[in-house]
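Student: fold the following.
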Amino acid sequence: MKSYFIEASANAAIDDLYAYTTEKWGDEQADKYLSGLFARFEAIVSKEVLWRPVPTEFEIKAWVTRYEHHYIYWKQLDDGRIGIMAILHERMHQTARLADLTDDE
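Tutor: Residues are numbered from 1 along each chain as shown. Have a look, this model is predicted:
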């Protein structure tokens, strides 16, 4: 069975997202939002969501899908798992952040 792996940059984003949501809207809302986010990871694995490829100029074979106010960037790992690369808020400059990710490759 395929699964997913959360890379360090995405894991840090999850921590930040939880802290921000808890502070702004409380624990219950933070738990609900993150539960939905993790459900979206599972839906990516089982190919139940729409996604689009990351533009070729970034020279990385990856895809992006949306979850509420965030974009999830992911790639297929050599072992068959899905690698969650980044989770970016819709207001973030996606191009600049994605360029930072590809520099780390």
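
Student: CA atoms for contacts and neighbours, from now on please.
Tutor: OK.

Student: residue 5 and residue 81: what is the separation?
Tutor: The spacing between residue 5 and residue 81, counted by C-alpha to C-alpha, to the nearest Å, is 7 Å.

Student: repeat that for residue 64.
Tutor: The span separating residue 64 from residue 81 equals 16 Å under the rule C-alpha to C-alpha.

Student: could you give the number of residues near residue 46?
Tutor: The tally of other residues near residue 46 (other C-alpha atoms under 10 Å) stands at 12.

Student: residue 86 is in contact with residue 73, isn't it?
Tutor: Yes. With contact defined as C-alpha atoms under 8 Å, residue 86 and residue 73 form a contacting pair (5.1 Å).

Student: what helix or strand is residue 15 on?
Tutor: According to DSSP states H and E, residue 15 maps onto helix 8-25.

Student: so how far is that helix off the chain centroid?
Tutor: In terms of C-alpha atoms, centre = their mean, to the nearest Å, the centre of helix 8-25 is set 12 Å apart from its chain centre.

Student: got the contact list for the residue nearest the centre of the chain?
Tutor: Geometric centre of the chain, nearest residue: residue 72, 2.8 Å, by C-alpha atoms, centre = their mean. Going by C-alpha atoms under 8 Å, 6 or more residues apart in numbering, residue 72 touches 64-66, 84-88.
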